[in-house]
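[1] Structure for this input, please:
(chains A and B)
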Amino acid sequence: MKRRDFLKATLGGTAATLCATSVEARPNLEPAPQAVGMLFDSTLCVGCKACVSKCKEVNDMPPVIDGDKTTWDSARDLSDQTLNVIKVYRDGNATTKDSEVDGYCFEKRSCMHCVDPGCVSVCPCTAMRQDKVTGIVTHHPDVCIGCRNCMVGCPYNVPQFEYNKLFGQIRKCELCNQPGVERINKGQMTGCAEACPTGSTLFGPREALLEEARRRMQLKPGELYRYPMGDITRPYNYHEKIVPTYKQHIWGEKEAGGTSVMHISSVSFDKLGMPPLEERSAASIAESVQHSVYSFMALPALALAGLTYTVRKNTRDHDEGDDQ
Amino acid sequence: MSAHQALGGRIFTKPFLVLLLIFVVGLVFMVERFSSGMGAVSNLNGGFAWGIWVVFDVVVGTAFACGGYALAFMVYVFNKGQYHPLVRPAVLASLLGYALGGFGAFFDMGRFWQFYEIFIPGNWNFNSVMLEVGLCVAVYIIILALEFAPAVLEKFGMHGLLKSLNKVLFFLIALGVLLPTMHQSSLGSLLIAMGHKVHPLWQVDHMQPVLALISALIMGFSIVIFEASTSAVGFSRKSEASLLAKMRQVIIGLLSTFLIVRLLVLLVQGKLGLIFAADFASLMILLETALFAIPLVILLSPERSSRGSQLLIAAMCMLMAGSLYRFDAFLLTFNPGPGYSYFPSAAEIMITLGVVAFEIMAYLILVKTLPVLHREERAL
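    The predicted model follows:
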């Protein structure tokens, strides 16, 4: 093969790859058929952290103590010992609940159980898996090498590694369906939804929760609404409350392909520390690039054949040259 | 008779002892890492899960080790036989760079005791860029070892094995060109899935693998020039500047392609304005671009690029440019969100320096004891 031919072949291959990229681009994944999740309504949350405490009980994790605040769990963010946390938003004199200006509100952080999860996409060893039926994202330390790509690949910094143990592992919320707990398989709801005294954290099928969130967007501020508590399919009680002025934004309906844990609030989500996400998931872009180059290993195999031929020919030339 | 010869000479020179000291300090912290865990020695956290061990030891380190790759391209693909003398030292440097990159990946691995899980086909996730990087780098280390094996076989007079190896060498060389093309581009693709955490100026989505690959080749050629120039000075050998100057056409092509692609991507993505935002990121991209542009200016002048010192400056600029491009994207402008910050701990830095010191020591020992460097005058 002449150098020119080789260049032609290479350029041709590259061009084919680039075309393939635009043709075969993988769209965002769709929600699992019976996806379950949660709806967190920030306007109902009073910051009692009963959900944090319940989560620690379910996962057998110790409270995190911040300074001398020994009376309660004072975890400030997610960590290998805190898989669910309540954070506070404050502005100005912080007197009015759910007001962006001079107000305060509470925000929950836990795994969002993405419809198109980055952690599952990037994991080399399939240690992060998404249940095909429920859409729950689980972690399987038995095959994990600890490369922590799931941590950098998660838009929300959810997976956390146990750095302080020599033989640590990744920890994340598994929607209370981890081996040994399996609350969802047993027909129960998540621990945090069960413990929530206001219905702020509501458990249920993603579809039903999305419908509920849309209903709340339509409510008139100032009127009374009966907020269901616990599991939306069979609420154990209702919480009657005056409707706040919701931001017309259901976080998790579309962000990066959507999530099964959705949030609504009367304070905009960028102020609550949510990441700047577009509708297309980063995982879908990465997989499109990867699969167009490595589809059936055809391109690498072709390249190897061309290279082997060229190198064989050129090494022969060199040998002959040396003999002279 | 081999065209290569061992340099000979004392091993325990003063620079070697300094390197040994750095290595021992690194080793102490390494023991700490494998007895108390990563938290005890590193500043890694929930937002910055990858620190200098991944970014320097693996991402930048393996790009530094692309000399063998770049030369294999020149000599065997583009049939430039005159560069043959540079191949063996470049392969050795690549082998050491990649082996230590692999070792870096191992001590950075949170669950190092079950590292083999990535080699079990039943576990493979074909959507994962990391899988491609992990497997490809592992195979390439073996290929580099086989490519370097003739030096060892010559030394110990194992001619039978040498002959058999030479028969399949062409296939190993072909693999040695393909594999770095795959994983060096994938190292860039790792950034795609990080989405918004990567600064917009470095989040070029589909073009990540292209920019990563071109910059890896640039660094590969630079390290060849750098190694040849420094061994010319350090071991008082004849300068190979005249030979190296001929590489300039290729490097000019790579540098201009990188700069044009980088600029075009930002233009298409509508991000050009960010370059002039007068913040940290804009400063970094300007610095980075200058480091890519200065060697281009030097190499475009035939007069300048025939001078060894100018060539060395160009090589150093390109090495810094490629490194900075990687550091900027993976660490310096990386933003996982509010509440997280990272600066490497002293122990992290010392472990990394220890690894680099080990690499240089191994290189010095091997070129002095094995037939690696080309004979200056051909004994006919």
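[2] where does residue A:138 fall, phi/psi-wise?
    Main-chain dihedrals, residue A:138, degrees, to the nearest 10: phi -120, psi 160.
[3] Quick one: residues contacting it.
    Neighbouring residues of residue A:138 by CB atoms under 8 Å, 6 or more residues apart in numbering or on different chains: A:128, A:129, A:130, A:131, A:174, A:177, A:178. Placement of C-beta: from N, CA and C, glycine included.
[4] again with residue A:104
    Residues near residue A:104 by CB under 8 Å, 6+ apart: A:88, A:89, A:90, A:91, A:94, A:95, A:96, A:97.
[5] Next, count neighbours for the last one.
    For residue A:97, the number of neighbouring residues by other CB atoms under 10 Å in any protein chain shown comes to 16.
[6] hang on, it packs against residue A:90?
    No - with contact defined as CB atoms under 8 Å, residue A:97 does not reach residue A:90; the gap is 11.2 Å.
[7] where do the contact lists of those two overlap?
    Both residue A:97 and residue A:90 are contacted by A:103, A:104, under the criterion CB under 8 Å, 6+ apart.
[8] Could you report the pLDDT at the closest residue to residue A:115 other than its chain neighbours?
    Spatial nearest neighbour of residue A:115, chain neighbours left out: residue A:258 (4.2 Å); criterion: CB to CB, 6 or more residues apart in numbering or on different chains. With respect to pLDDT, residue A:258 has a value of 97.
[9] Please report phi then psi for residue A:258.
    Residue A:258 adopts backbone torsions of phi 90, psi 160, taken as degrees, to the nearest 10.
[10] ok and the residue in the stretch 201-324 of chain A nearest chain B?
    Chain B sits closest to residue A:282 of the stretch 201-324 of chain A, with a gap of 3.2 Å, by CB to the nearest CB.
[11] So which bits of stretch A:47-58 are buried?
    Neighbour-count burial for stretch A:47-58 flags A:48, A:49, A:50, A:51, A:52, A:53, A:54, A:55, A:56, A:58 (criterion: 16 or more other CB atoms under 10 Å in any protein chain shown).
[12] Kindly report the same for stretch B:125-139.
    Using 16+ other CB under 10 Å as the test for burial, stretch B:125-139 gives B:125, B:127-138.
[13] Residue B:40 contacts residue B:33, doesn't it?
    Yes - the criterion here is CB under 8 Å, and residue B:40 meets it with residue B:33 at 7.2 Å.
[14] so where do the strands sit in the stretch 101-250 of chain A?
    A:103-110, A:128-130, A:137-139, A:160-161, A:170-171, A:201-205, A:224-229, A:237-242 (DSSP state E, counting those that start in this stretch).
[15] Mean pLDDT for those - can I get that in CSV?
    Putting the strands of the stretch 101-250 of chain A into CSV (pLDDT from 0 to 100) gives the following:
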stretch, mean pLDDT
strand A:103-110, 96
strand A:128-130, 97
strand A:137-139, 97
strand A:160-161, 98
strand A:170-171, 97
strand A:201-205, 97
strand A:224-229, 97
strand A:237-242, 94
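[16] could you dump the ones you listed to TSV with distance to residue B:317?
    Below are the strands of the stretch 101-250 of chain A laid out as TSV (distance: least, CB to CB, whole Å):
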stretch	distance to residue B:317
strand A:103-110	44
strand A:128-130	41
strand A:137-139	44
strand A:160-161	37
strand A:170-171	40
strand A:201-205	55
strand A:224-229	63
strand A:237-242	64
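[17] Distance check, residue B:18 against residue B:52.
    Counting by CB to CB, to the nearest Å, the gap from residue B:18 to residue B:52 is 21 Å.
[18] repeat for residue A:237
    Distance from residue A:237 to residue B:52, by CB to CB: 53 Å.
[19] residues from the stretch 251-380 of chain B in reach of chain A?
    Residues of the stretch 251-380 of chain B that fall close to chain A, judged by CB under 8 Å from any CB of the partner chain: B:336, B:337, B:338, B:339, B:340.
[20] Number of residues surrounding the closest residue in space to the fourth one that isn't next to it in sequence?
    Read that as residue B:339. Distances taken as CB to CB, 6+ apart place residue A:77 nearest to residue B:339, at 5.7 Å, with adjacent residues excluded. Look at residue A:77: counted by other CB under 10 Å, it has 17 neighbours.
[21] Same check on residue A:278?
    12.
[22] confidence score at it?
    So, for residue A:278, pLDDT stands at 94.
[23] Which positions in whichever strand or helix holds residue B:267 come out as buried?
    Residue B:267 is located in helix B:248-268, with elements delineated by DSSP states H and E. Neighbour counts over helix B:248-268 (16+ other CB under 10 Å) mark B:248, B:250, B:251, B:254, B:255, B:258, B:262, B:265, B:266 as buried.
[24] thought the third one was touching residue B:305?
    Which is residue B:251. No - counting by CB under 8 Å, residue B:251 does not reach residue B:305; the two are 9.2 Å apart.
[25] what residues do these two have in common as contacts?
    Joint contacts of residue B:251 and residue B:305 (CB under 8 Å, 6+ apart) are residue B:299.
[26] Span of stretch A:250-264 from start to end?
    Length of stretch A:250-264, first residue to last, CA to CA, to the nearest Å: 5 Å.
[27] Assess the claim that residue A:75 and residue A:61 are in contact.
    No - Residue A:75 is not in contact with residue A:61 according to CB under 8 Å; the separation is 9.7 Å.
[28] more crowded one of these two?
    The residue with more neighbours, out of residue A:75 and residue A:61, is residue A:75; 23 against 17, by other CB under 10 Å.
[29] What score does that one have for pLDDT?
    Looking at residue A:75, the pLDDT reads 85.
[30] With residue A:64 instead?
    87.
[31] Tell me how far residue A:74 lies from chain B.
    In this view, residue A:74 and chain B are 15 Å apart by CB to the nearest CB, to the nearest Å.
[32] related to what we said a few turns ago, which among the strands of the stretch 101-250 of chain A is found nearest to residue B:292?
    Proximity to residue B:292 (CB to CB) singles out strand A:160-161 among these, at 35.3 Å.
[33] Flag the shaky bits of chain A, pLDDT-wise.
    A:1-24, A:71, A:317-324 (pLDDT under 70).
[34] More neighbours: residue A:237 and residue B:52, which one.
    residue B:52 (26 against 11).
[35] Nearest spatial neighbour of the more buried one, chain-adjacent residues omitted?
    Using CB to CB, 6+ apart, the nearest residue to residue B:52 is residue B:344, at 4.6 Å.
[36] on that earlier part again, in CSV, list the contacts of residue A:138 along with distance to residue B:300.
    Converted to CSV, the contacts of residue A:138 look like this (distance: CB to CB, whole Å):
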residue, distance to residue B:300
A:128, 49
A:129, 53
A:130, 52
A:131, 58
A:174, 58
A:177, 62
A:178, 61
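[37] This completes my enquiry, with thanks.
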